[in-house]
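Undergrad: Next one to model:
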Amino acid sequence: MSGRSSLRSASLRVWGLHLAVLAALLAAGWLLPEYHRGVFSRVMVLAVFAMGYNLLFGYAGLLS
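TA: As a prediction, the model looks like this:
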């Protein structure tokens, strides 16, 4: 049973880390100056585009 409890605590730690990062990203919108918010938004939009591009190439197999 100790294996399951350590796995559960590791899972809770990962969830806590994800929630902390999400809270930091949401707080950045109010804490950063306007210029940095614009740059941050542009980076996030390009990151979403890159993830979609990666999925497209992965499923369609266009590079092979």
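
Undergrad: residue ranges with poor pLDDT in the chain?
TA: Low-confidence segments of the chain (pLDDT under 70): 1-3, 7, 63-64.

Undergrad: That one: helices as residue ranges?
TA: Secondary structure of the chain (DSSP state H): helices at 2-31, 34-60.

Undergrad: now the longest one: how far from the chain's centre is it?
TA: Same thing as helix 2-31. What separates the centre of helix 2-31 from the centre of its chain is 12 Å, taken as CA atoms, centre = their mean, to the nearest Å.

Undergrad: List the buried residues in it.
TA: By neighbour count on 16 or more other CB atoms under 10 Å, the buried set for helix 2-31 is empty. C-betas here are computed from N, CA, C, even on glycine.

Undergrad: what about residue 50, neighbour count?
TA: 10 (other CB atoms under 10 Å).

Undergrad: my bad, should have said residue 60
TA: 9.

Undergrad: And residue 6, how close does it get to residue 18?
TA: Per CB to CB, to the nearest Å, residue 6 is found 19 Å from residue 18.

Undergrad: Likewise for residue 59?
TA: Relative to residue 18, residue 59 is positioned 26 Å away (CB to CB).
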